[in-house]
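# This is a predicted model, with the sequence first.
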Amino acid sequence: MIRVSNLTHIYPATRRTPARTALDRLSLAVEAGEFCILSGPNGSGKSTLFRILCGMTLPSAGSVEIAGHDLIRDPAAARARMGVVFQSPAVDKHLSVIENLRLHGRLHGIGRREAAARLDDALGWSELRERLDDRVIALSGGLARQLELAKCLLTRPELLLLDEPTTGLDPASRRQFLDALEAIQRARGVTVLMTTHIFAEAERADRVAIVKDGRLLAHAAPDSLRAMLGREMVVARGRAAGELAGRIRAELGLAAYVHGDEVRLEETASGGGLPLLERVLGRYRDQIDSIAIKQPDLEDVFIHLTGRGDARPRAPAEPMRAAAK
C-alpha cells in the first residue's frame, strides 16, 4: 500500500539556521491491510515523512507510491486512496457533527444523497449517532476524535494516516478510540500508518517502524523487536546513574546503558537475570535506590535503538544474533 524508496528531504539554510537533512535515503514498505506504527525521537523525521505521505511537502529526492500510484507524479490518484487524521483538530468546532460530515463530503465531491447513504457506515462503530446535531465544541475530546475518524471514513479510504491521534485524550478515551480503530482496520482491511510516542499503543500494531536522524532503525513485529533485547534485563535506579554505570563497565566488564536515573543491563547470563541482580546489588548497594528484573517492552527497544540519554546502543544486528541462539 505504501512504498517509500530512498526518500531524502533537506530543509534549506536560512539566515538563522543551517541546512538540515530531515530524511536520509529512507525506505519503508507498509503492506495492504497492515496496521503499522511509526515512532522516533523528536526531530527524527517522522513529521516530515508524514507531511510527504499526505502530499503536503515535496521531497528533495526519492519516490513514494500509494496503492501503486506515484504520489509525486499523480498526487490526485494517490490522495483519493487515503484519509488523514492530523494531530491538531481539523473540524469546525462551531458546526454540528452532521454539518462537519456533510461539509467534508462536499469537499470530496460526495453529494448530499450519497453522503447520507454512507453515514451509517462511517458512524456505525461510534457513539455519535445520538449527537449529530450537537456542536463539536460541546463534545468531549474522545467524541471529537471519533468525529475526525468518522469524517475520514466517509470517503471510504484504502489507507488511513494518523498523526498522534490520541494526543490529549484521557486513558479511557484513548483506549476507546484505539479499540474502534483496530475494529475498523480488521473488519474493512484498511491499511493504517499511525505515529505515536505511547508505546502501549504500538503493542497493537502488526509492525512498528522506528526512525532516528531521518533513517529507519528497525521495522518489525512487536515480538521480534522485544526479542532483540532477550527475555530479561536488569534495571537499577540511583541518584548517580552515570557514575554507577561507569563503575559497572570498568569493574565488571558489562555493557551498562544509562537512561535518566536508570542503569540498564541487557546482557543477562544463561542463568537469567537473578544472578546478575544479586552480583550488582551486593557490590554497589550504597549507590542503588532500587533494582529489578524486567521483561523488555517496546519502550526499552526504543531506548536501546535510539540511544536516548547516554544509552550508547549497540548496532541492532548484535542483539538480533544473540536472540537467535
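Cool, got the structure.
# list the helices and strands the longest helix belonging to the chain packs on?
Counting residues, the longest helix in the chain under DSSP state H turns out to be helix 171-188. Here helix 171-188 touches helix 141-153, strand 159-163, strand 191-195, going by 3 or more CB pairs under 8 Å, 6 or more residues apart in numbering; DSSP states H and E. Bear in mind the C-beta positions are built from the backbone N, C-alpha and C, glycine included.
# Show me which residues of it are buried.
Across helix 171-188, burial judged by 16 or more other CB atoms under 10 Å covers 173-174, 176-178, 180-181, 184-185.
# just those residues now: which is nearest Gly230?
Leu178 (28.4 Å; CB to CB).
# tell me the pLDDT at the closest one?
pLDDT for Leu178: 88.
# so how far is Gly105 from Gly124?
Distance from Gly124 to Gly105, counting by CB to CB, to the nearest Å: 16 Å.
# Have a look at the two and say which one is more surrounded.
Legend: neighbour count by other CB atoms under 10 Å for Gly124 and Gly105, higher for Gly105 (21 against 11).
# Can you tell me which of the buried residues of helix 171-188 is nearest Gly43?
For the buried residues of helix 171-188, the nearest to Gly43 is Arg174 (24.5 Å; CB to CB).
# correct me, but the closest one touches Pro165?
No. Between Arg174 and Pro165 there is no contact under CB atoms under 8 Å: 9.2 Å.
# hang on, Arg239 is in a strand, isn't it?
No. If the criterion is DSSP: H, G, I helix; E, B strand; the rest coil, then Arg239 is coil and not within a strand.
# Asp120: which element?
helix 112-123 (DSSP states H and E).
# Which other helices and strands does that helix contact?
helix 97-107, helix 141-153.
# let's go with 6 Å and repeat that
helix 141-153 (3 or more CB pairs under 6 Å, 6 or more residues apart in numbering; DSSP states H and E).
# which outside residues touch the helix it packs on?
When contacts are defined by CB atoms under 6 Å, 6 or more residues apart in numbering, helix 141-153 is touched by residues 83, 85, 91, 97, 104, 122-123, 126, 128, 136, 168-169, 173, 176-177.
# same thing with stretch 157-176?
1, 50, 53, 67, 81-87, 141-142, 177, 190-196.
# And those residues, which of them are buried?
Using 16+ other CB under 10 Å, the buried ones in the contacts of stretch 157-176 are 1, 50, 53, 67, 81-85, 141-142, 177, 190-196.
# all helices for the stretch 151-300 of the chain, in order.
Applying DSSP state H, counting those that start in this stretch to the stretch 151-300 of the chain gives helices spanning 171-188, 199-202, 222-227, 241-247, 273-284, 298-306.
# can you redo the ones you listed as JSON lines with distance to Val263?
Shown next, in JSON lines, are those (distance: least, CB to CB, whole Å):
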{"stretch": "helix 171-188", "distance to Val263": "29"}
{"stretch": "helix 199-202", "distance to Val263": "20"}
{"stretch": "helix 222-227", "distance to Val263": "20"}
{"stretch": "helix 241-247", "distance to Val263": "5"}
{"stretch": "helix 273-284", "distance to Val263": "8"}
{"stretch": "helix 298-306", "distance to Val263": "12"}
